[in-house]
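K.L.:
Return atomic coordinates for the entry below.
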Amino acid sequence: MQHFLHRNMRFHVPVGRRALTKNRLDAFACDLSYGLVPTMAAPEVRGRHLQRTRTGARRYRQSVLVRFAASLVTFATISVSAQTVSTNPAASAPAGDPHDLLKIFSGSHRPDFTLPDIAGAKRSLAGYRGRPVLVHFFATWCEPCRPEMAALERFNAQHSNAAMHIVAISVAEPDGRVQRFFEKSPVSFPILLDRDRAIAKSWNVQTLPTSYLLDANLTPRLFVEQDLEWDRLDFPKLLQTLKARATAGTAAPRPQRTKPTQTGG
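P.N.:
Numbers count the residues shown, from 1 in each chain. Alright, predicted model coming up:
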């Protein structure tokens, strides 16, 4: 039995002592616990969790004798927890109109960025000025991000001649992992690497996936902080909404200056 800690609960995982070496045992414990972290958590949260898991695995490696009854109860707890994560309504988009999930952006302007893509070329957001841009933050470990990436590819294929760019940004992942993922599931739009999460932080990305829809002047107009079925969107309606938001933002009235009121003689 391998014994390690996951947050505030104990999990007893049966592992053959002779079947796995020390390194394999650590990897098994970390991979199992890694799968229990909610996919909507920010990357640094998952990173801290994995560090604690590795430390716990080393610390309790020698504690291999646990009771069989306790392990059965623990496995039942794991099954319930995994089911709770997979059915969490915040982890996947509902089956309604995807337009309803797009929120109006009212924050400050988001900064420009220049990042390498998975082929090593530098790409800048300023290079896409003149057309609407969809900036999509994701990670390959994020469960809802994977089907959403496929939906983005279908969306791009359906509107390949339309005036909109898609830029996907991998957040805080090793280059090799991202490259291997897209070797198996290639897409037709650029995949950029935000290795240190600097761009995600400057864009105030709190959850993954998160997407911003920018107008032709690269001003954010709409955003969504969960996965979205992009291929179900009414594209003309989406462009019309972006145009209307851009017009409303440009035509916003300026505050009028008033003369100070004089008091006294």
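K.L.:
what's the first-to-last distance across stretch 99-118?
P.N.:
31 Å (C-alpha to C-alpha, to the nearest Å).
K.L.:
quick one: average pLDDT of it?
P.N.:
Stretch 99-118 carries an average pLDDT of 93.
K.L.:
Contacts for it next, please.
P.N.:
93-94, 122-126, 169, 175, 178-179, 182, 190-194, 199, 202-204, 212-214, 218-226, 228, 233-234, 237-238, 241, 245 (C-beta atoms under 8 Å, 6 or more residues apart in numbering). Yep, even glycine has a C-beta here, placed from its N, CA and C like the rest.
K.L.:
Narrow the residues you listed to just the buried residues.
P.N.:
Neighbour counting by 16 or more other C-beta atoms under 10 Å classes 93, 123, 125, 169, 178, 190-194, 199, 203, 212-214, 218-226, 228, 233, 238, 241, 245 among the contacts of stretch 99-118 as buried.
K.L.:
At which residues are the helices of the stretch 51-200 of the chain located?
P.N.:
Using DSSP state H, counting those that start in this stretch, the helices of the stretch 51-200 of the chain run over 68-86, 145-158, 175-184, 198-202.
K.L.:
Now for residue 125: which residues touch it?
P.N.:
Taking C-beta under 8 Å, 6+ apart, one finds 112-114, 133, 135, 167, 218 in contact with residue 125.
K.L.:
Which of these sits closest to residue 150?
P.N.:
residue 167 (17.0 Å; C-beta to C-beta).
K.L.:
Contacts only, for the spatially closest residue to that closest one that is not a sequence neighbour.
P.N.:
Ranked by C-beta to C-beta, 6 or more residues apart in numbering and with sequence neighbours excluded, the top spatial neighbour of residue 167 is residue 135, at 5.2 Å. By C-beta under 8 Å, 6+ apart, the contact set of residue 135 is 125, 167, 169, 203, 211-212, 214.
K.L.:
again, but for residue 233
P.N.:
98-99, 155.
K.L.:
From residue 115, how far out is residue 147?
P.N.:
24 Å (C-beta to C-beta, to the nearest Å).
K.L.:
what about residue 111, neighbour count?
P.N.:
Using other C-beta atoms under 10 Å, residue 111 has 9 neighbouring residues.
K.L.:
Could you shift the numbering so residue one becomes 6, and keep it that way?
P.N.:
That works, and once the first residue is 6, the last one we named lands at residue 116.
K.L.:
Near residue 110, how many other residues are there?
P.N.:
17.
K.L.:
same thing with residue 103?
P.N.:
Residue 103, neighbours per other C-beta under 10 Å, totals 20.
K.L.:
wait, doesn't it sit right on residue 235?
P.N.:
Yes: assessed by C-beta atoms under 8 Å, residue 103 is found in contact with residue 235 at 7.3 Å.
K.L.:
quick one: pLDDT of residue 248?
P.N.:
pLDDT, residue 248: 87.
K.L.:
if we can go back for a sec, more neighbours: residue 152 and residue 120, which one.
P.N.:
More crowded of residue 152 and residue 120, by other C-beta under 10 Å: residue 120, with 20 against 13.
K.L.:
Using CSV, please lay out the contacts of residue 238 together with distance to residue 191.
P.N.:
What follows is the contacts of residue 238, written out as CSV (distance: C-beta to C-beta, whole Å):
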residue, distance to residue 191
103, 24
104, 28
160, 15
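K.L.:
List the buried residues of stretch 182-195.
P.N.:
183, 186, 195.
K.L.:
if we take those, which one ends up nearest to residue 145?
P.N.:
Within the buried residues of stretch 182-195, the smallest distance to residue 145 is 4.4 Å, found for residue 186 (C-beta to C-beta).
K.L.:
Leaving out sequence neighbours, find the closest residue to that closest one.
P.N.:
residue 145 is the one closest to residue 186 (C-beta to C-beta, 6+ apart), at 4.4 Å.
K.L.:
so that neighbour touches residue 178, yeah?
P.N.:
Yes: using C-beta under 8 Å, residue 145 makes contact with residue 178 at a distance of 6.2 Å.
K.L.:
which stretches of the stretch 56-205 of the chain have low pLDDT?
P.N.:
For the stretch 56-205 of the chain, applying pLDDT under 70 flags the ranges 56-100, 166-167.
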